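# I'd like to go over a predicted model; first the sequence, then the structure.
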Amino acid sequence: MSTPARTPALTGLPLHRGHLLSVVAAVTLLATACGPTDQGPERPGVSGTERELSFEGGGFTVGATFTTPPDGAPEGVPGALIISGSGPTDRDGNSPPRPEADTNLNLSRVLGAAGVATLRYDKLGSGDPESWDDRVEDALEETVDPHVFDAQMAAAYAALIEQPEVDPERTIVVGHSEGALFALRAHEVLDGADPALVLAAPPGTRMLDVIDRQLSEQVRTAEAQDAFEEADAVRMLSDTRAARAWIRAGRELTEDDATGPFTPQDQDYLAWIDAFDPPELAGDLDPDTPVLVLWGDEDAQIEREEVDRLMGGLEQAERVDLAGVDHVLREYDDSPGAAALDADRAFSPEVAPAVTEFVDGLW
C-alpha cells in the first residue's frame with residue numbers, strides 16, 4: 001500500500017512494531033483515497049551499471065547493490081556507501097510504511113551522475129524475506145545486539161572499497177535520517193577510514209526525544225480526525241514518556257508494562273541509539289571532514305530547529321535547505337488535488353546540483 005508523504009513512520013523503531021502503527025494506518029486511510037498514477041515522475045540522475053553483492057556482516061548475510069557511473073576512470077572512481085534510515089528499511093530506502101520512497105536509489109542515481117560509484121545494502125530485517133536465512137527470522141523474534149548494525153555498516157564499506165572500480169582513497173558515507181547517526185560515527189566504526197559525509201534529513205537531537213515529538217504530532221492528528229479518543233491519546237503519550245524515562249534509566253521493560261509503541265525487544269537498540277547526541281557526534285569529527293547536510297523544509301519527521309541544533313556542532317559543514325521537499329527528499333505540495341503518494345512526487349531537483357558541487361570540491 002502506498003503512503004502519503006505526511007504520514008511518516010516513527011523514526012527509531014528498529015525491528016518490531018507497537019500498536020501505534022495501526023493508528024497511523026487508520027490516519028493514512030483517512031488521508032488519501034487515490035492510488036498512484038500509471039506513470040510516475042522522471043527519476044533523477046543516471047542508472048549506471050548495477051551488480052548484486054552479498055557479504056557477511058554481524059553474523060548475517062547482507063544483500064547489496066553496487067552501481068558504477070556510466071563513465072569510469074582507469075585509476076578508479078570515488079565510492080559512496082549509502083546507509084538507510086530507521087526500521088526495516090531496505091537498500092533502496094523503502095520500508096513497509098513507505099514502500100515507494102526510493103530515497104537511497106535516487107541518491108545513488110544522483111551520485112552516479114556526479115561520477116561516484118555507490119553501494120547500498122539491506123539492513124537486518126529488510127529486503128526480500130525469501131532471501132533470509134533462519135538466523136534472520138530468529139533474530140527478529142529476539143532482542144538484537146545493536147552492534148550488529150555497526151558491523152553491517154563496516155562490512156558494507158569494506159565491500160565497497162574492495163570493488164575494482166573504486167578508488168579507496170576517495171570515499172563518501174551517505175546517511176539518510178537515522179542513518180546520519182551512523183555516518184557521523186563512520187570515523188570510529190570503519191577501521192582507518194576518513195570519508196566525506198552527506199547527511200540527508202539528519203536528526204539533531206537524541207532519538208527518544210525525536211520519537212516523542214513525532215508520536216505526539218501523529219497521535220494528536222489522529223485524535224483530530226476522530227481516529228483516537230482523547231483519553232487514549234493522553235494515555236499513549238503518558239505511557240511513552242514513562243517508557244522513555246525507564247529506558248534512559250536502564251529499567252528493564254516487560255510485556256506487562258505500559259510502554260506506548262516500545263517493546264522489550266527494542267529496548268537495547270533504543271537505549272544504544274538514544275545515547276548518541278548528534279551535535280556531540282558532530283563535534284567529535286575531524287574539523288577538516290567535508291560534510292554536506294541536506295534537509296527539506298516540508299520534512300514532517302525532522303524539524304528545522306533539530307537541524308539547526310546539529311549544525312551547532314558542524315561549523316564547517318555546508319547546509320542546503322530544499323524548498324518544498326519532504327523527509328524522503330521528494331517534492332511536497334499540500335494544495336488540494338496535489339499528488340500525495342511518494343510514487344507520484346518528483347525527487348527534489350535541488351539535490352543533484354548540491355551533491356555534484358560537493359563532490360567536485362572534494363578531491
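Alright, I've got the coordinates.
# only C-alpha atoms for contact and neighbour calcs from this point on.
Noted.
# residue 197 sits in which helix or strand?
strand 196-200 (DSSP states H and E).
# same check on residue 300?
Since the elements are taken from DSSP H and E, residue 300 ends up inside neither a helix nor a strand.
# and the residue nearest in space to the middle of the chain, how far from residue 275?
By CA atoms, centre = their mean, the chain has its centre lying nearest to residue 85, at 1.6 Å. According to CA to CA, to the nearest Å, residue 85 and residue 275 sit 17 Å apart.
# swap in residue 236?
23 Å.
# who has more neighbours, these two?
residue 236 (20 against 12; other CA atoms under 10 Å).
# you'd agree residue 236 is up against residue 260?
Yes: counting by CA atoms under 8 Å, residue 260 is a contact partner of residue 236 at 5.3 Å.
# tally of neighbours for residue 353?
Neighbours of residue 353 (other CA under 10 Å): 12.
# no wait, residue 268
Per other CA under 10 Å, the neighbour tally for residue 268 reads 18.
# where in the stretch 51-200 of the chain is pLDDT low?
Scanning the stretch 51-200 of the chain for pLDDT under 70 picks out the ranges 125, 127, 129-130, 132-142.
# hey, where'd the helices end up in it?
For the stretch 51-200 of the chain, the helices defined by DSSP state H, counting those that start in this stretch cover 103-113, 134-140, 147-162, 179-184, 186-189.
# doesn't residue 321 fall inside a helix?
No: checked against DSSP: H, G, I helix; E, B strand; the rest coil, residue 321 lies outside a helix; its state is strand.
# partner residues bridging it?
Beta-bridge partners for residue 321, by DSSP bridges, are residue 295.
# which residues does it contact?
For residue 321, the contacting residues are 294-297, by CA atoms under 8 Å, 6 or more residues apart in numbering.
# JSON lines for those residues, including pLDDT, neighbour count and distance to residue 231?
Output for the contacts of residue 321, formatted as JSON lines (pLDDT from 0 to 100; neighbours: other CA atoms under 10 Å; distance: CA to CA, whole Å):
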{"residue": "294", "pLDDT": "98", "neighbour count": "23", "distance to residue 231": "38"}
{"residue": "295", "pLDDT": "98", "neighbour count": "26", "distance to residue 231": "35"}
{"residue": "296", "pLDDT": "98", "neighbour count": "26", "distance to residue 231": "34"}
{"residue": "297", "pLDDT": "97", "neighbour count": "19", "distance to residue 231": "32"}
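# I'd like the residues you listed as CSV, with distance to residue 215 appended.
Below are these laid out as CSV (distance: CA to CA, whole Å):
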residue, distance to residue 215
294, 23
295, 20
296, 20
297, 19
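# and which of those is nearest residue 115?
Proximity of the contacts of residue 321 to residue 115 was ranked by CA to CA; the top entry is residue 294 with 19.3 Å.
# that closest one contacts residue 325, doesn't it?
No: taking contacts as CA under 8 Å, residue 294 lies outside contact range of residue 325: 10.3 Å.
# picking that back up, by contact count, what packs against the strand holding residue 197?
Other helices and strands packing on strand 196-200, by 3 or more CA pairs under 8 Å, 6 or more residues apart in numbering; DSSP states H and E, are strand 166-176, helix 179-184, strand 291-296.
# and stretch 315-322, which residues are buried?
In terms of neighbour count (16 or more other CA atoms under 10 Å), stretch 315-322 has its buried residues at 317, 319-322.
# cool, and stretch 60-80?
60-69, 76-80.
# same thing with stretch 242-255?
Using 16+ other CA under 10 Å as the burial criterion, the residues of stretch 242-255 that qualify are 243-244, 246-247, 253.
# of those residues, just say which sits nearest to residue 100.
When those are compared against residue 100 (criterion: CA to CA), the nearest one is residue 244, at 30.8 Å.
# hang on, the closest one in a helix?
Yes: assigned with three-state DSSP, residue 244 falls within a helix.
# how much space between it and residue 272?
Applying CA to CA to residue 244 and residue 272 gives a distance of 13 Å.
# next one: residue 228
Distance of residue 228 to residue 272, given as CA to CA: 31 Å.
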